[in-house]
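1. Quick one, what's the 3D model for this:
(chains A and B)
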Amino acid sequence: MKRTALAGSLLATMALLATACGGGGSSSSGGESAASPTDPSKVTGDIKVLTQRTDLVQDGTMKKYAAEFNKLYPKVHVTFEGITDYEGEVKIRMNTSNYGDVLMIPAAIKTDDYPKFFASLGTADELGKKYTFTEKATVGGKVYGIANFANVDGFVYNKAVWQQAGIADWPKTPDEFLTDLSAIKSKTSATPYYTNYKDGWPLTGWTQVQGSVTCDPKATDAPASQSDPWQAGTDLNVGDTLLYNIVHGKLSEQDPTTTNWENSKNLLATGKIGTMWLGSWAIVQMQDAAKKAGKDPSEIGYMPFPSQKDGKFCTPVAPDYQEAVNIHSGHKAAARAWIDWFTDKSGYVQTNQAVPTLRGGAMPTALKPFQDAGVQFVEMSQAQSAKVTSIDNQSEIGMTNKPDYRQHLIDVARGAAGGDLPGIFADLAKKWSSAQKTASL
Amino acid sequence: MTRARVWRTVTPWLYLAVPLALLITFTYIPVGNMIRDSFTDWDGVSPDRDYVGTRNYVELFTRPELFQVFFVSIYYLVASVVQIVLALYFATVLSFDLRFRNLFKGILFFPYLINGVAIGLVFLYFFQPHGTLDTVLSAFGVHGHHFWLGSGRMANTSLAGVSVWRFMGLNFVLFLGAIQSIPGELYEASELDGANRWQQFRHIIAPGIKPVLSLSAILAISGSLSAFEIPFIMTNGAAGTQTFVIQTVKLAFEFNKMGLASAAAVALLVIILLVTWLQRVVVPDERNDLV
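-> Numbers count the residues shown, from 1 in each chain, chains lettered A, B, ... in the order given. The predicted structure follows:
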């Protein structure tokens, strides 16, 4: 007995000692910069680019981009690392110095910490003239990340299904939208709306209704100072109410708990699903799914949120992931050259039908119907995004990028959980306003 | 000290060196780090962390909703009782001479060998409306479809059922091993005395495997308090299936409250230690010659 006690205390001591040594993490002072190289032929080095597009890494598309890049920068060798769980994995790797040379900034990184992780790309004045949305990654007048492209948000829909239900025009109000979905339910065999509840992340897109109703570019910043971002008349209120009514009216899939995102693309393309709320990046994926299923890709339509201000639809434009240069990178010039080339010249933005962040870039053809219909593109302000995220995390609501509260909203709407919509909004407002007081800003 | 004596003291430690190194690296250091993090406001990424004293613990214990999720554990606790009873039944039956005995052993133990993620995905299809379960049920005259993962009570019952299916094999093997270590003469003697199967179970098997039974009980309680893998993969805690560990993971990795989450993990550790201690007090472990 004595022996085991001794061994036990020995173990404990060793563990404590080891604890004292382990972890901690070195904190780098920051202040390094990665300026755009002036002479392409002089840029050298091996760089590694982290991306969440594992599909493009596997099918060789990214290699083709690298080959194009090499025509201009012959001495830079680019490799790619596709990461499926990008957010989760990269966030943890950022505790080390080994997180690629070029990476997309994970949402979990606090904006104030950017200078500790990334090299600055230039001043806000200078880069702001060239790109949109640089304010999202600006700390102390310096920009740490550039978004490759931006997205608008709307409903992806199957044109054949909507036509079969006898609907010719885009609905102009949430009520009209619900009536249209009911028509789809009664006149076709399609599921009018698909929530993608199980995978969760597609639900987070409903936060991007911000700006669709009010047409206010500051709608994304407003929650930073609002005590109730869900009060009547706000974008979130109108959007979440619509989602609630869709589910409550049994206009969505029967069992949301067993949905499947990959499969939903095929279901929409083949007319088994009528509509899904998604960013414009999804249009290309849906068209691909249509091609694979032997359908006409032009059957995939895209419509703005059913709400008009002064007779015009609005669609919010918001940045995708922002690319940054690792502060520990040994080849910052090469890394910066890749970001510049990929955003400005690679054609990636056009291929993916995305909205360019390079000022003066043309809108993608997929959004031509929006332009023809005079939909207003509202460039959403990112000035307060750090503050909003910080309050959001403190409140544990997950408004910005977590599905939890909308999953709960759907549970209530389909009768799987107790409560009602006003109760949900009141609860959210309570959490939000108390987090506003305690969040470290 | 002679050379031989030095070797005699050192040798056991040499044998122990590798497992000890692994144990310390992968258990004690992380636990130590966790306890340290529970006193900080670390967000899980930032290179800096500030010590905030007991603030995380104060927050944890002043928010009752954080402990409400333990109600979900009741489903798993009930399920683990079912699991132990079933495992005990099968172990007893299969410890006697039986046709295809080894085949049945294999079938019962097999689920435990499958990866938890694979099980989650397989059962996701199994529970879909008009999925495997509904199809099988309709063969028995129960038609229509059910939302097995639809809402709180049903979803938790389904998930707990999966957990029974998965972990029964482990209990079964533990019990079987214990039962088989009971000397065969005892059965023979009891048979001579005219004992039937139930009496053999009641008076030979049950006392003989008591330590393993109490171990299973501890594992069942701590397992149901910290249920994670199956509900996390199958529902991610949606529709009222959130367990304490899922909640902790969400706090740590979704809301970046690593400090609060570490405090929650420490609290869970303490609760499980308490339950174990309580169990040892209520059912003291007597020295048993059979096992």
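
2. got the contact list for the nearest residue to B:Val164 once chain neighbours are set aside?
-> Using Cβ to Cβ, 6 or more residues apart in numbering or on different chains and skipping the chain neighbours, the partner closest in space to B:Val164 is B:Gln83 (4.6 Å). Where you see a C-beta, it was placed from the backbone N, CA and C, and this is true even at glycine. The contact partners of B:Gln83, by Cβ atoms under 8 Å, 6 or more residues apart in numbering or on different chains, come to B:Ser163, B:Val164, B:Phe167, B:Met168, B:Asn171, B:Ala220.

3. from what I can see A:Thr258 touches B:Leu149, true?
-> Yes - look at A:Thr258 against B:Leu149 with Cβ atoms under 8 Å: they come within range, at 6.2 Å.

4. Sketch out the low-pLDDT regions of chain A for me.
-> For chain A, the stretches with pLDDT under 70 are A:1-31, A:440-441.

5. Excluding covalently adjacent residues, which one is nearest to A:Lys142?
-> Closest residue to A:Lys142 apart from its sequence neighbours, by Cβ to Cβ, 6+ apart: A:Ser120 at 4.1 Å.

6. That neighbour - how many residues pack around it?
-> Applying other Cβ atoms under 10 Å in any protein chain shown, we find 27 residues neighbouring A:Ser120.

7. I figured it hits A:Val143, correct?
-> Yes - counting by Cβ under 8 Å, A:Ser120 touches A:Val143, with 6.7 Å between them.

8. Among the contacts of B:Gln83, which lie within strands?
-> Among those, the subset assigned to strands under DSSP state E is empty.

9. Distance from the chain centre to stretch B:171-189, please.
-> 23 Å (Cα atoms, centre = their mean, to the nearest Å).

10. so how far is the first residue of that stretch from its last?
-> Terminal residues of stretch B:171-189 are spaced 28 Å apart (Cα to Cα, to the nearest Å).

11. before we move on, what about stretch B:126-146?
-> 11 Å.

12. now do stretch A:373-387
-> Across stretch A:373-387, the terminal residues are separated by 35 Å (Cα to Cα).

13. Buried ones in it, by neighbour count?
-> A:Val375, A:Gln376, A:Phe377, A:Val378, A:Met380, A:Ser381, A:Gln382, A:Gln384, A:Ser385, A:Ala386, A:Lys387 (16 or more other Cβ atoms under 10 Å in any protein chain shown).

14. Chain B next: which of the residues you listed are close?
-> Restricting the buried residues of stretch A:373-387 to those touching chain B (Cβ under 8 Å from any Cβ of the partner chain) yields no residues.

15. Any chance of JSON lines for these, columns distance to A:Val139 and secondary structure?
-> Output for the buried residues of stretch A:373-387, formatted as JSON lines (distance: Cβ to Cβ, whole Å; DSSP: H, G, I helix; E, B strand; the rest coil):
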{"residue": "A:Val375", "distance to A:Val139": "34", "secondary structure": "coil"}
{"residue": "A:Gln376", "distance to A:Val139": "31", "secondary structure": "strand"}
{"residue": "A:Phe377", "distance to A:Val139": "27", "secondary structure": "strand"}
{"residue": "A:Val378", "distance to A:Val139": "25", "secondary structure": "strand"}
{"residue": "A:Met380", "distance to A:Val139": "20", "secondary structure": "coil"}
{"residue": "A:Ser381", "distance to A:Val139": "17", "secondary structure": "coil"}
{"residue": "A:Gln382", "distance to A:Val139": "13", "secondary structure": "coil"}
{"residue": "A:Gln384", "distance to A:Val139": "14", "secondary structure": "coil"}
{"residue": "A:Ser385", "distance to A:Val139": "12", "secondary structure": "helix"}
{"residue": "A:Ala386", "distance to A:Val139": "9", "secondary structure": "helix"}
{"residue": "A:Lys387", "distance to A:Val139": "13", "secondary structure": "helix"}
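
16. Go through the residues you listed and name the one nearest chain B.
-> A:Ala386 (12.8 Å; Cβ to the nearest Cβ).

17. Considering the contacts of B:Gln83, which is situated nearest to chain A?
-> Using Cβ to the nearest Cβ, B:Ser163 comes nearest to chain A of the contacts of B:Gln83, at 17.2 Å.

18. so who does that closest one touch?
-> B:Ser163 makes contact with B:Tyr76, B:Ala79, B:Ser80, B:Gln83, B:Ala227, B:Ile230, according to Cβ under 8 Å, 6+ apart.

19. Tabulate the contacts of B:Gln83 in JSON lines, adding columns for pLDDT and distance to A:Tyr405.
-> Formatted as JSON lines, the contacts of B:Gln83 follow (pLDDT from 0 to 100; distance: Cβ to Cβ, whole Å):
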{"residue": "B:Ser163", "pLDDT": "88", "distance to A:Tyr405": "27"}
{"residue": "B:Val164", "pLDDT": "89", "distance to A:Tyr405": "32"}
{"residue": "B:Phe167", "pLDDT": "88", "distance to A:Tyr405": "32"}
{"residue": "B:Met168", "pLDDT": "89", "distance to A:Tyr405": "36"}
{"residue": "B:Asn171", "pLDDT": "89", "distance to A:Tyr405": "38"}
{"residue": "B:Ala220", "pLDDT": "87", "distance to A:Tyr405": "33"}
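
20. Among those, which one has the most neighbours?
-> B:Asn171 (27 neighbours).

21. neighbours around the residue in the stretch 51-200 of chain B that chain A sits nearest to, how many?
-> Chain A sits closest to B:Ser151 of the stretch 51-200 of chain B, with a gap of 3.3 Å, by Cβ to the nearest Cβ. B:Ser151 has 17 neighbouring residues, counting by other Cβ under 10 Å.

22. Need the nearest residue in space to it, chain neighbours excluded.
-> Excluding the flanking residues, the one nearest B:Ser151 by Cβ to Cβ, 6+ apart is A:Ala416, at 3.3 Å.

23. Is the one you found in a helix, a strand, or coil?
-> Classification of A:Ala416 by DSSP: H, G, I helix; E, B strand; the rest coil places it in coil.

24. Got phi/psi on it?
-> phi -90, psi -10 (degrees, to the nearest 10).

25. The stretch 101-250 of chain B against chain A: which residues are in contact?
-> Within the stretch 101-250 of chain B, the positions near chain A by Cβ under 8 Å from any Cβ are B:124, B:127-129, B:131, B:145, B:147, B:149-152, B:155, B:235-240, B:250.

26. ok, the closest residue to chain B within the stretch 301-441 of chain A - contacts?
-> Here the residue of the stretch 301-441 of chain A nearest chain B is A:Ala416; by Cβ to the nearest Cβ that distance is 3.3 Å. Each residue near A:Ala416 by Cβ under 8 Å, 6+ apart is listed here: B:Gly150, B:Ser151, B:Gly152, B:Ala239, B:Gly240.

27. Next, A:Pro192: secondary structure please.
-> Secondary structure state of A:Pro192, per three-state DSSP, is strand.

28. and the gap between it and B:Ala263?
-> 45 Å (Cβ to Cβ, to the nearest Å).

29. in the longest helix along chain B, what's buried?
-> Longest helix in chain B, counting residues (DSSP state H): helix B:152-180. Residues B:152, B:154-156, B:158-176, B:178-179 are the ones in helix B:152-180 that count as buried (16+ other Cβ under 10 Å).

30. which residues pair with A:Gly82 across the strands?
-> Beta bridges link A:Gly82 to A:Thr51 when assigned by DSSP bridges.

31. just checking, it touches A:Gly60?
-> No - contact criterion Cβ under 8 Å: A:Gly82 and A:Gly60 do not qualify, at 11.6 Å.
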